[in-house]
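1. Got a predicted model here, sequence first, then my questions.
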Amino acid sequence: MVRAAGLLDRRLRYYAIKITVLALLLAAGGAVFALLGDSWPQLAVAVYLAALSGQLAFLGHEAGPQPHGCGSHAHPARSPNCMDATTT
């Protein structure tokens, strides 16, 4: 039911927009980090960059490839490690 509704389909446009925005935000943070030099406000920029790198890690995990055998043709009995929303 969930798969038939298309809720498990990848949203390529969403990922393209999110990757572009994250790249721009990282570039801006890197530029501010370099411009501030060795100072205390640079610590705030470091926290900002840490949060962005966390977002990048989540995005990479979410948009990454599915494990082998977990595609649309996977059989639940042959691939028990796949999370299949139609069987739960």
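-> That came through fine.
2. now the most centrally placed residue in the chain: how far from A46?
-> Nearest to the geometric centre of the chain sits L59, at 0.5 Å (CA atoms, centre = their mean). Separation of L59 from A46 (CB to CB, to the nearest Å): 20 Å. For every residue, glycine as well, the C-beta is placed using N, CA and C.
3. gap between the two ends of stretch 32-47?
-> 12 Å (CA to CA, to the nearest Å).
4. From the rest of the structure, what touches it?
-> With contacts defined as CB atoms under 8 Å, 6 or more residues apart in numbering, stretch 32-47 is touched by G29, L49.
5. Just give me how far it sits from the chain centre.
-> Put simply, stretch 32-47 sits 26 Å off its chain's centre (CA atoms, centre = their mean, to the nearest Å).
6. And for stretch 37-52?
-> How far stretch 37-52 lies from its chain's middle: 22 Å, per CA atoms, centre = their mean.
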